[in-house]
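Colleague: Quick one: sequence plus predicted model below, questions after.
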Amino acid sequence: MTTRHLVYVDGQEGTTGLRIHEMLAGRADLEVLKIDPNKRKDPAERARLLNEADVSFLCLPDDASREAATLVRNPKAKLIDASTAFRTDSGWAYGLPELAPGHRQTISQSHRVANPGCHATAFILLVRPLVDAGLLPAETSISATSITGYSGGGRKMIDAYESESAPPCLQAPRPYALGLSHKHLPEMTLHGRLKAAPIFMPIVGPFLQGLTVSIPLDLDSLGLNGEQLHACLRSRYEAERFVKVMPIQDPETMAAGFFDTQRCNGSNRAEIFVFFNKKQAILMACIDNLGKGASGAAVQNMNLMLGCNEAEGLSV
């Protein structure tokens, strides 16, 4: 008889928690533990489930995640945290299997995994291979723009956008984090292996889901050409199931004249693009902010930690 792994979602009513439940539904290899709605905030009941489960997802605000982690006493219990609380904590594995060669094994052997931020996932997938290869010096001043669907703001923002009384300003893209201190910057810097934080401009758009990070590069100052950038990224990800480097100067996108930020929606896939001329390049990474940028990544990490097929329950 096949052993069923016990799984618990602490914070099951939030956007990420609900999506994880959807992804796990119907899996014969898992039993999802659920808390009595009346005991949702009962520390004793939460502690019981966190210690009973083989792996738990913490879909909570930062402080609540830190508190939840202290409730775990069972040395075999594993945690995947979806907040920003542990993403730069050396005691937690960073939950991006494609981060670097060998990192997948680090996740599979860890009892504590910090799920990456959505913007950070797309940014790091673009930057880290170039830094590792020596094409992009770690001290390079980098700027990045990310446009994302409003689901990235959680239930409160979703309700605001989908309300019948939504104000006209929500019909246009809205740049935010104008204080230049977005919560994903520490992990983008650390795991991108950069010496300084990038100048980062996130934008929320009037659509539910989908995310694209764009990074402009001056090829002359770097002594590079677009072909070298594309070749480096293609080589790094050629064996990856969930990261696809698209054809150089992607002909389909060039013919359309516009980039589709929702092209990876409904999947755990990341698509990477390199557009360039003789002097400049734009690197782009597209994901579903609810997939590879949140719940999909969490399930991918869970699969690795439990020794399951990494792609189980996930759409490529």
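Modeller: Yes, it's here.
Colleague: what's the next secondary structure element after the longest helix belonging to the chain?
Modeller: Identified as the longest helix of the chain according to DSSP state H is helix 118-132. Downstream of helix 118-132, the next assigned helix or strand under DSSP states H and E is strand 143-149.
Colleague: and the longest helix of the chain, what other elements does it pack with?
Modeller: Helix 118-132 is packed against strand 143-149, helix 185-191, strand 199-205, strand 211-218, helix 226-237, strand 270-276, strand 280-287, with contacts defined by 3 or more CB pairs under 8 Å, 6 or more residues apart in numbering; DSSP states H and E. (C-beta placed from N, C-alpha, C; glycine too.)
Colleague: Isn't His21 up against Val9?
Modeller: Yes - counting by CB atoms under 8 Å, His21 does reach Val9; the two are 6.3 Å apart.
Colleague: Please enumerate the shared neighbours of these two.
Modeller: The contact sets of His21 and Val9 overlap at Val32 (CB atoms under 8 Å, 6 or more residues apart in numbering).
Colleague: low-scoring stretches of the protein, by residue?
Modeller: 1-2 (pLDDT under 70).
Colleague: okay, which residue is most central for it?
Modeller: The residue lying closest to the centre of the chain (CA atoms, centre = their mean) is Gly293, at 2.9 Å.
Colleague: Next one: that residue from Asn303, what distance?
Modeller: Using CB to CB, to the nearest Å, Gly293 is found at 17 Å from Asn303.
Colleague: Equivalent analysis for Ile35, please.
Modeller: On the measure of CB to CB, Ile35 and Asn303 end up 23 Å apart.
Colleague: repeat for Arg87
Modeller: From Arg87 across to Asn303, the span is 20 Å (CB to CB).
Colleague: likewise Ala177?
Modeller: In terms of CB to CB, Ala177 sits 32 Å off from Asn303.
Colleague: which of these two has more neighbours?
Modeller: The neighbour count for Ala177 versus Asn303, taken as other CB atoms under 10 Å, is higher for Asn303 (21 against 17).
Colleague: so how far is whatever helix or strand that one lives in from its chain's centroid?
Modeller: Using DSSP H and E, Asn303 sits within helix 296-306. The chain centroid and the centroid of helix 296-306 are separated by 12 Å under CA atoms, centre = their mean, to the nearest Å.
Colleague: what residues does it touch?
Modeller: Contacts for helix 296-306 (CB under 8 Å, 6+ apart): 5, 7, 16, 20, 23-24, 54-55, 57, 78, 80, 82, 95-97, 104, 107-108, 110-111, 113, 115-116, 121, 242, 267-268, 288, 290-291, 308-314.
Colleague: switch the cut-off to 6 Å
Modeller: With contacts defined as CB atoms under 6 Å, 6 or more residues apart in numbering, helix 296-306 is touched by 5, 20, 23, 55, 57, 78, 80, 95, 107-108, 113, 115, 268, 310, 312-314.
Colleague: And stretch 188-206, by the same measure?
Modeller: Applying CB under 6 Å, 6+ apart, the contact partners of stretch 188-206 are 88, 94, 119-120, 123-124, 127-128, 131, 138-139, 142-148, 150, 171, 173-177, 182, 185.
Colleague: Give me the buried positions along that stretch.
Modeller: Within stretch 188-206, the residues that count as buried by 16 or more other CB atoms under 10 Å are 188-194, 197-198, 200-202, 204-205.
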